[in-house]
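Novice: sequence? don't have it. structure:
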(Lines give C-alpha, C1' and ligand atoms only; values in the text may rest on other atoms or scores of the structure.)
Protein backbone atom coordinates (compact mmCIF):
# COMPACT_ATOMS: atom_id res chain seq x y z
CA UNK A 1 0.00 0.00 0.00
CA UNK A 2 1.21 3.54 -0.70
CA UNK A 3 1.44 6.07 2.11
CA UNK A 4 -1.60 7.66 3.70
CA UNK A 5 -0.19 11.11 2.93
CA UNK A 6 -0.41 10.40 -0.82
CA UNK A 7 -4.13 9.79 -0.40
CA UNK A 8 -4.86 12.73 1.85
CA UNK A 9 -7.93 14.85 1.12
CA UNK A 10 -8.16 18.54 1.87
CA UNK A 11 -10.44 19.72 4.67
CA UNK A 12 -11.72 23.16 5.61
CA UNK A 13 -12.28 23.89 9.29
CA UNK A 14 -14.14 26.78 10.90
CA UNK A 15 -12.30 27.81 14.08
CA UNK A 16 -14.22 29.21 17.04
CA UNK A 17 -13.85 29.80 20.77
CA UNK A 18 -15.91 29.47 23.91
CA UNK A 19 -15.37 31.34 27.20
CA UNK A 20 -12.07 29.62 28.02
CA UNK A 21 -10.53 30.85 24.78
CA UNK A 22 -9.66 27.27 23.84
CA UNK A 23 -9.64 26.94 20.08
CA UNK A 24 -12.16 24.51 18.62
CA UNK A 25 -13.16 23.63 15.08
CA UNK A 26 -16.00 22.20 13.02
CA UNK A 27 -15.93 20.91 9.45
CA UNK A 28 -16.93 23.84 7.25
CA UNK A 29 -19.16 21.55 5.16
CA UNK A 30 -21.41 21.21 8.22
CA UNK A 31 -21.86 24.99 8.52
CA UNK A 32 -24.76 26.73 6.77
CA UNK A 33 -24.07 30.26 8.03
CA UNK A 34 -22.80 32.36 10.92
CA UNK A 35 -25.07 35.03 12.44
CA UNK A 36 -25.16 37.27 15.52
CA UNK A 37 -27.08 35.67 18.38
CA UNK A 38 -30.74 36.60 17.74
CA UNK A 39 -33.57 36.95 20.24
CA UNK A 40 -34.55 33.54 21.55
CA UNK A 41 -37.81 32.10 22.81
CA UNK A 42 -37.35 29.69 25.69
CA UNK A 43 -39.65 26.69 25.43
CA UNK A 44 -41.01 25.10 28.61
CA UNK A 45 -39.63 21.67 29.47
CA UNK A 46 -36.92 21.91 26.81
CA UNK A 47 -33.54 20.28 27.34
CA UNK A 48 -31.32 22.35 29.70
CA UNK A 49 -28.65 22.62 26.99
CA UNK A 50 -31.12 24.22 24.56
CA UNK A 51 -31.09 28.00 25.07
CA UNK A 52 -34.27 28.48 23.07
CA UNK A 53 -35.67 28.75 19.57
CA UNK A 54 -34.84 31.42 17.01
CA UNK A 55 -36.81 32.26 13.88
CA UNK A 56 -34.55 32.20 10.85
CA UNK A 57 -36.18 33.18 7.56
CA UNK A 58 -39.55 32.00 8.79
CA UNK A 59 -38.33 28.65 10.12
CA UNK A 60 -37.68 27.73 13.75
CA UNK A 61 -34.13 26.87 14.76
CA UNK A 62 -33.15 25.20 18.03
CA UNK A 63 -30.17 26.93 19.61
CA UNK A 64 -27.76 24.82 21.64
CA UNK A 65 -25.74 26.32 24.47
CA UNK A 66 -22.53 24.63 23.31
CA UNK A 67 -20.63 25.64 26.46
CA UNK A 68 -23.06 23.78 28.70
CA UNK A 69 -23.43 20.88 26.27
CA UNK A 70 -19.73 20.02 26.43
CA UNK A 71 -19.20 20.86 30.10
CA UNK A 72 -17.49 24.26 29.68
CA UNK A 73 -18.10 27.45 31.66
CA UNK A 74 -21.03 29.54 30.31
CA UNK A 75 -20.32 32.59 28.18
CA UNK A 76 -19.73 35.85 30.05
CA UNK A 77 -22.52 37.51 28.06
CA UNK A 78 -25.36 34.97 27.62
CA UNK A 79 -26.95 37.16 24.93
CA UNK A 80 -23.68 37.90 23.12
CA UNK A 81 -21.48 35.82 20.92
CA UNK A 82 -22.78 34.36 17.67
CA UNK A 83 -24.50 31.32 16.23
CA UNK A 84 -22.89 28.73 14.01
CA UNK A 85 -25.83 27.30 12.08
CA UNK A 86 -25.10 23.68 11.24
CA UNK A 87 -26.74 21.15 8.95
CA UNK A 88 -25.87 17.71 10.29
CA UNK A 89 -27.54 14.29 10.16
CA UNK A 90 -30.71 15.56 8.47
CA UNK A 91 -31.32 18.44 10.90
CA UNK A 92 -30.37 22.07 11.43
CA UNK A 93 -29.38 23.64 14.73
CA UNK A 94 -27.61 26.74 15.99
CA UNK A 95 -24.49 26.47 18.16
CA UNK A 96 -24.04 29.43 20.50
CA UNK A 97 -20.31 30.22 20.73
CA UNK A 98 -18.16 33.07 22.03
CA UNK A 99 -16.62 34.05 18.71
CA UNK A 100 -15.70 32.71 15.28
CA UNK A 101 -12.02 33.05 14.47
CA UNK A 102 -11.25 32.05 10.89
CA UNK A 103 -11.34 29.31 8.28
CA UNK A 104 -8.26 27.16 7.83
CA UNK A 105 -7.43 24.50 5.28
CA UNK A 106 -5.54 21.32 6.11
CA UNK A 107 -5.16 17.69 5.10
CA UNK A 108 -7.22 14.96 6.69
CA UNK A 109 -3.93 13.33 7.65
CA UNK A 110 -3.21 16.41 9.79
CA UNK A 111 -6.17 15.54 12.03
CA UNK A 112 -4.95 13.21 14.77
CA UNK A 113 -7.11 11.03 17.04
CA UNK A 114 -8.07 12.52 20.45
CA UNK A 115 -5.42 12.15 23.16
CA UNK A 116 -5.34 8.76 24.85
CA UNK A 117 -7.51 8.84 27.95
CA UNK A 118 -9.95 11.45 26.59
CA UNK A 119 -12.66 8.90 27.35
CA UNK A 120 -16.27 8.54 26.28
CA UNK A 121 -17.18 11.89 27.83
CA UNK A 122 -15.02 13.77 25.34
CA UNK A 123 -16.81 15.84 22.71
CA UNK A 124 -13.94 15.88 20.21
CA UNK A 125 -13.21 13.56 17.30
CA UNK A 126 -9.65 14.73 16.68
CA UNK A 127 -7.00 17.37 17.22
CA UNK A 128 -4.70 19.33 14.95
CA UNK A 129 -2.19 22.19 15.06
CA UNK A 130 -2.87 25.62 13.57
CA UNK A 131 -0.13 28.25 13.82
CA UNK A 132 1.42 26.28 16.67
CA UNK A 133 -1.86 26.18 18.60
CA UNK A 134 -3.75 23.02 19.52
CA UNK A 135 -7.22 22.90 17.93
CA UNK A 136 -9.88 20.41 19.01
CA UNK A 137 -12.35 19.20 16.37
CA UNK A 138 -15.89 19.13 17.74
CA UNK A 139 -17.95 15.93 17.68
CA UNK A 140 -21.19 17.72 16.81
CA UNK A 141 -23.06 14.43 16.33
CA UNK A 142 -22.37 13.51 19.96
CA UNK A 143 -23.55 16.93 21.12
CA UNK A 144 -26.81 16.58 19.19
CA UNK A 145 -27.33 12.98 20.32
CA UNK A 146 -26.95 14.03 23.95
CA UNK A 147 -29.83 16.46 23.52
CA UNK A 148 -32.09 14.62 21.05
CA UNK A 149 -31.05 10.97 20.62
CA UNK A 150 -32.03 9.36 17.34
CA UNK A 151 -35.15 7.26 17.74
CA UNK A 152 -34.02 3.73 16.99
CA UNK A 153 -36.25 0.97 18.28
CA UNK A 154 -34.25 -2.01 19.52
CA UNK A 155 -36.46 -4.77 18.16
CA UNK A 156 -36.33 -7.31 15.37
CA UNK A 157 -37.27 -6.16 11.86
CA UNK A 158 -39.61 -8.20 9.66
CA UNK A 159 -37.80 -9.13 6.46
CA UNK A 160 -38.95 -11.15 3.49
CA UNK A 161 -37.48 -14.63 3.39
CA UNK A 162 -35.38 -13.70 0.35
CA UNK A 163 -33.94 -10.58 2.05
CA UNK A 164 -33.21 -12.48 5.26
CA UNK A 165 -31.35 -15.19 3.34
CA UNK A 166 -29.23 -12.77 1.36
CA UNK A 167 -28.40 -10.64 4.42
CA UNK A 168 -27.29 -13.75 6.30
CA UNK A 169 -24.51 -14.16 3.73
CA UNK A 170 -23.17 -10.62 4.20
CA UNK A 171 -20.01 -10.30 6.31
CA UNK A 172 -20.06 -6.66 7.39
CA UNK A 173 -17.42 -4.36 8.86
CA UNK A 174 -18.69 -1.05 10.29
CA UNK A 175 -16.06 1.70 10.56
CA UNK A 176 -16.80 4.88 12.53
CA UNK A 177 -14.75 7.00 14.94
CA UNK A 178 -17.91 8.27 16.65
CA UNK A 179 -19.09 5.88 19.36
CA UNK A 180 -22.61 7.30 19.10
CA UNK A 181 -22.83 6.75 15.33
CA UNK A 182 -21.27 3.30 15.65
CA UNK A 183 -23.86 2.23 18.21
CA UNK A 184 -26.70 3.51 16.01
CA UNK A 185 -25.48 1.33 13.14
CA UNK A 186 -24.96 -1.68 15.42
CA UNK A 187 -28.53 -1.46 16.75
CA UNK A 188 -29.88 -1.51 13.19
CA UNK A 189 -27.72 -4.52 12.34
CA UNK A 190 -28.74 -6.29 15.54
CA UNK A 191 -32.41 -5.72 14.70
CA UNK A 192 -31.74 -7.40 11.36
CA UNK A 193 -30.19 -10.37 13.12
CA UNK A 194 -26.76 -9.58 11.67
CA UNK A 195 -23.48 -10.04 13.53
CA UNK A 196 -20.80 -7.67 12.31
CA UNK A 197 -17.25 -6.54 13.02
CA UNK A 198 -16.33 -2.97 13.97
CA UNK A 199 -13.39 -0.59 13.78
CA UNK A 200 -12.89 2.94 15.10
CA UNK A 201 -10.48 4.11 12.37
CA UNK A 202 -9.47 3.28 8.81
CA UNK A 203 -6.14 1.88 10.03
CA UNK A 204 -7.93 -0.41 12.50
CA UNK A 205 -10.33 -1.42 9.72
CA UNK A 206 -7.47 -2.44 7.42
CA UNK A 207 -5.93 -4.48 10.25
CA UNK A 208 -9.29 -6.20 10.83
CA UNK A 209 -9.72 -6.95 7.12
CA UNK A 210 -6.27 -8.53 7.01
CA UNK A 211 -7.00 -10.52 10.18
CA UNK A 212 -10.25 -11.95 8.76
CA UNK A 213 -8.95 -12.55 5.23
CA UNK A 214 -9.25 -16.23 4.33
CA UNK A 215 -11.45 -17.10 7.31
CA UNK A 216 -15.15 -17.92 7.51
CA UNK A 217 -15.70 -14.30 8.63
CA UNK A 218 -13.95 -12.73 5.63
CA UNK A 219 -15.54 -9.31 5.04
CA UNK A 220 -17.45 -8.59 1.83
CA UNK A 221 -19.31 -5.39 2.84
CA UNK A 222 -17.75 -2.29 4.45
CA UNK A 223 -19.90 0.48 5.95
CA UNK A 224 -17.60 3.41 6.66
CA UNK A 225 -17.90 6.90 8.03
CA UNK A 226 -16.39 9.62 5.84
CA UNK A 227 -15.10 12.03 8.49
CA UNK A 228 -12.34 10.23 10.36
CA UNK A 229 -8.98 11.46 11.60
CA UNK A 230 -5.73 10.48 9.87
CA UNK A 231 -7.45 8.69 6.96
CA UNK A 232 -10.97 9.68 5.96
CA UNK A 233 -13.56 7.51 4.25
CA UNK A 234 -12.58 8.63 0.75
CA UNK A 235 -8.90 7.80 1.29
CA UNK A 236 -9.88 4.53 2.96
CA UNK A 237 -12.03 3.58 -0.05
CA UNK A 238 -9.23 4.42 -2.49
CA UNK A 239 -6.84 2.29 -0.43
CA UNK A 240 -9.23 -0.66 -0.66
CA UNK A 241 -9.65 -0.24 -4.42
CA UNK A 242 -5.86 -0.21 -4.87
CA UNK A 243 -5.34 -3.37 -2.78
CA UNK A 244 -5.93 -6.58 -4.78
CA UNK A 245 -7.34 -8.56 -1.84
CA UNK A 246 -9.91 -5.83 -1.04
CA UNK A 247 -10.64 -4.11 -4.35
CA UNK A 248 -13.94 -5.94 -4.88
CA UNK A 249 -15.43 -5.22 -1.45
CA UNK A 250 -18.79 -3.45 -1.44
CA UNK A 251 -18.24 -0.03 0.17
CA UNK A 252 -21.09 2.06 1.59
CA UNK A 253 -19.99 5.47 2.84
CA UNK A 254 -22.18 6.60 5.73
CA UNK A 255 -21.96 10.32 6.46
CA UNK A 256 -23.53 13.00 8.65
CA UNK A 257 -23.17 15.36 5.68
CA UNK A 258 -25.69 15.59 2.84
CA UNK A 259 -25.11 12.44 0.78
CA UNK A 260 -26.17 14.24 -2.42
CA UNK A 261 -23.32 16.70 -1.91
CA UNK A 262 -20.86 13.83 -1.39
CA UNK A 263 -22.08 11.36 -4.03
CA UNK A 264 -19.73 12.54 -6.79
CA UNK A 265 -16.67 12.47 -4.56
CA UNK A 266 -17.68 9.11 -3.10
CA UNK A 267 -18.11 7.66 -6.58
CA UNK A 268 -14.73 9.04 -7.66
CA UNK A 269 -13.11 7.35 -4.65
CA UNK A 270 -14.66 4.04 -5.69
CA UNK A 271 -17.55 3.72 -3.23
CA UNK A 272 -20.57 1.71 -4.32
CA UNK A 273 -23.06 3.95 -2.47
CA UNK A 274 -23.32 6.85 -0.03
CA UNK A 275 -25.97 7.48 2.63
CA UNK A 276 -26.71 10.34 5.02
CA UNK A 277 -26.92 9.41 8.73
CA UNK A 278 -29.09 8.44 10.38
CA UNK A 279 -32.09 6.54 9.08
CA UNK A 280 -32.44 2.93 10.17
CA UNK A 281 -34.90 2.05 7.34
CA UNK A 282 -32.62 3.57 4.70
CA UNK A 283 -29.54 1.86 6.14
CA UNK A 284 -31.46 -1.44 6.06
CA UNK A 285 -32.39 -0.86 2.42
CA UNK A 286 -28.76 -0.08 1.54
CA UNK A 287 -27.50 -3.20 3.34
CA UNK A 288 -29.95 -5.41 1.46
CA UNK A 289 -28.74 -3.88 -1.82
CA UNK A 290 -25.13 -4.45 -0.76
CA UNK A 291 -25.84 -8.07 0.16
CA UNK A 292 -27.57 -8.70 -3.17
CA UNK A 293 -24.63 -7.17 -5.03
CA UNK A 294 -21.95 -9.26 -3.32
CA UNK A 295 -24.04 -12.42 -3.76
CA UNK A 296 -24.43 -11.73 -7.49
CA UNK A 297 -20.69 -11.14 -7.81
CA UNK A 298 -19.83 -14.18 -5.73
CA UNK A 299 -17.74 -12.16 -3.28
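Specialist: Yes, it's here. What you see is a predicted model; the values in this text were computed from it and never measured.

Novice: Scan this protein for its longest helix.
Specialist: helix 280-297 (DSSP state H).

Novice: Give me the packing partners of that one, helices and strands only.
Specialist: When contacts are defined as 3 or more Cβ pairs under 8 Å, 6 or more residues apart in numbering; DSSP states H and E, helix 280-297 packs onto helix 161-168, helix 179-191, strand 221-225, strand 250-255, strand 273-276. In this view, the C-beta of every residue, glycine as well, is placed from N, C-alpha and C.

Novice: report the angle between the axes of that helix and strand 250-255?
Specialist: With axes from the mean of the first three to the mean of the last three Cα atoms, to 10 degrees applied, the angle from helix 280-297 to strand 250-255 works out at 160 degrees.

Novice: that older thread, deepest of the helices and strands packed on helix 280-297, which one?
Specialist: strand 221-225 (a mean of 26; mean count of other Cβ atoms under 10 Å).

Novice: Now the element after that one, going C-ward?
Specialist: Downstream of strand 221-225, the next assigned helix or strand under DSSP states H and E is helix 233-241.

Novice: Can I take it that residue 55 is in a strand?
Specialist: Yes - counting by DSSP: H, G, I helix; E, B strand; the rest coil, residue 55 falls inside a strand.

Novice: what number of residues lie near the residue nearest to residue 245 when sequence neighbours are not counted?
Specialist: Spatial nearest neighbour of residue 245, chain neighbours left out: residue 213 (6.0 Å); criterion: Cβ to Cβ, 6 or more residues apart in numbering. Residue 213: 12 surrounding residues under other Cβ atoms under 10 Å.

Novice: ok, now residue 204?
Specialist: By other Cβ under 10 Å, neighbour count at residue 204 equals 13.

Novice: packing partners for the helix or strand containing it?
Specialist: Assessed by DSSP H and E, residue 204 sits inside helix 202-212. Counting contacts by 3+ Cβ pairs under 8 Å, 6+ apart, helix 202-212 packs against strand 172-175, strand 196-199, strand 221-225, helix 233-241.

Novice: Out of these, which is closest to residue 290?
Specialist: Closest approach to residue 290 among the helices and strands packed on helix 202-212 is made by strand 221-225 (4.7 Å; Cβ to Cβ).

Novice: Which neighbouring elements make contact with the closest one?
Specialist: Judged by 3+ Cβ pairs under 8 Å, 6+ apart, strand 221-225 is in contact with strand 172-175, helix 202-212, helix 233-241, strand 250-255, helix 280-297.

Novice: chain center to the helix or strand hosting residue 136: distance?
Specialist: Residue 136 is part of strand 133-138, with elements assigned from DSSP H and E. Distance of strand 133-138 from the chain centroid (Cα atoms, centre = their mean, to the nearest Å) equals 17 Å.

Novice: Over to stretch 290-299?
Specialist: Relative to its chain's centre, stretch 290-299 lies at 26 Å (Cα atoms, centre = their mean).

Novice: Contact partners for residue 212?
Specialist: Contact partners of residue 212, counting by Cβ atoms under 8 Å, 6 or more residues apart in numbering, are 171, 197, 218-219.

Novice: any idea of the pLDDT on the nearest residue to residue 178 once chain neighbours are set aside?
Specialist: The shortest distance from residue 178 to any non-neighbouring residue, by Cβ to Cβ, 6+ apart, is to residue 141 (5.5 Å). If you check residue 141, the pLDDT there is 85.

Novice: Since that was my last question, I'll sign off now.
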